[in-house]
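Enquirer: Quick one: sequence plus predicted model below, questions after.
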Amino acid sequence: MNLLAAAGASVSPESTQQAIGYPTLFVLVLIGALVPVVPTGALVSSAAVVAFHQTAPFSLLLVFATASLAAFLGDVTLYWLGKRGMRSRNGSRWLERLRDRAPEDRLTQAQDKLRDHGVAVLVLSRLVPAGRIPVMLACLMARMPLRTFARGDVPACLAWAVTYQLIGILGGSLFEEPWEGVVAAVALTLAISIAPSVWRRVRRPAA
């Protein structure tokens, strides 16, 4: 009994949190990349807040590695599924979902940027809210090889993970309690994500 108690005491809550948190973050970001309705940026920022307040070394580095790897694998998988849909005579539900989430004007802009800047536009597409899917669809329509897309997506996912992790670090540094930092980081992330759509709606009546 004493041995069990000693073993339980040796496992800190922080270690348990890490053992559960990193796999959960990986799965959620991966799902968010495949099904673009999960707020993956908010997840990364929240995880960064928690890691900022932890004493374990390399916590923030592990959040960065986990988020960027999951985002990359999700992007590549979704692109592969989209390519299968492009080759299929009847398309696919994945390709249809991409088309549904890429308005015609955004798709046209993405095609123009892809034509002018090549795969470098993938980095910007991951940083601009709602920019990833139109650019991915533009790459599919341009018949970009999967290997070329993957090479351009690596720096895009790294830049994306760094950006949202910095938001989390900012939120964590402003508040002593982790939950307060999480709330601040999520609010800032959501504000950034909806800002472009709000701006377009404001400009539309004026135009």
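Expert: That came through, no problem. Residues are numbered from 1 along each chain as shown.

Enquirer: pLDDT score for residue 166?
Expert: On the pLDDT scale, residue 166 is placed at 90.

Enquirer: got a list of what it touches?
Expert: residue 48 (Cβ atoms under 8 Å, 6 or more residues apart in numbering). The way it works is simple: take the backbone N, C-alpha and C, and place the C-beta from them, glycine included.

Enquirer: Which of the helices or strands spans it?
Expert: helix 146-174 (DSSP states H and E).

Enquirer: Below-threshold pLDDT in this structure: ranges please.
Expert: 1-20, 55, 88-92, 175-181, 184-186, 188-207 (pLDDT under 70).

Enquirer: Could I get the phi/psi values of the spatially most central residue of it?
Expert: The residue lying closest to the centre of the chain (Cα atoms, centre = their mean) is residue 40, at 4.5 Å. Backbone torsions of residue 40, given as degrees, to the nearest 10, read phi -70, psi -30.

Enquirer: Quickly find the element holding the nearest residue to it once chain neighbours are set aside.
Expert: Nearest residue to residue 40, sequence neighbours excluded (Cβ to Cβ, 6 or more residues apart in numbering): residue 32, at 3.7 Å. According to DSSP H and E, residue 32 maps onto helix 13-34.

Enquirer: continuing past that helix, what's the next helix or strand?
Expert: That would be, after helix 13-34 and using DSSP H and E, helix 40-52.

Enquirer: Centre of the chain to that following helix, how far?
Expert: How far helix 40-52 lies from its chain's middle: 11 Å, per Cα atoms, centre = their mean, to the nearest Å.

Enquirer: Which strands and helices lie in contact with that helix?
Expert: Counting contacts by 3 or more Cβ pairs under 8 Å, 6 or more residues apart in numbering; DSSP states H and E, helix 40-52 packs against helix 13-34, helix 59-87, helix 146-174, helix 178-206.

Enquirer: what's the angle between that helix and helix 146-174?
Expert: Angle, helix 40-52 to helix 146-174, by axes from the mean of the first three to the mean of the last three Cα atoms, to 10 degrees: 50 degrees.

Enquirer: Now the helix holding residue 166: buried residues?
Expert: 149-150, 152-153, 156-161, 163-165, 167-172 (16 or more other Cβ atoms under 10 Å).

Enquirer: and if you look at stretch 37-48?
Expert: Going by 16+ other Cβ under 10 Å, stretch 37-48 has these buried residues: 39-48.

Enquirer: And residue 28, how far from residue 39?
Expert: Separation of residue 28 from residue 39 (Cβ to Cβ, to the nearest Å): 10 Å.

Enquirer: residue contacts, the closest residue to residue 160 other than its chain neighbours?
Expert: Closest residue to residue 160 apart from its sequence neighbours, by Cβ to Cβ, 6+ apart: residue 126 at 4.2 Å. Going by Cβ under 8 Å, 6+ apart, residue 126 touches 71, 132, 156-157, 159-160.

Enquirer: Tally up the residues packed near residue 52, please.
Expert: Neighbours of residue 52 under the rule other Cβ atoms under 10 Å: 20.

Enquirer: if I look at it, how far off is residue 45?
Expert: From residue 52 to residue 45 the distance is 10 Å (Cβ to Cβ).

Enquirer: Which residues are in contact with each of the two?
Expert: residue 168.

Enquirer: returning to what we had before: any idea which helix or strand carries the residue nearest to residue 160?
Expert: Judged by DSSP H and E, residue 126 forms part of helix 121-127.
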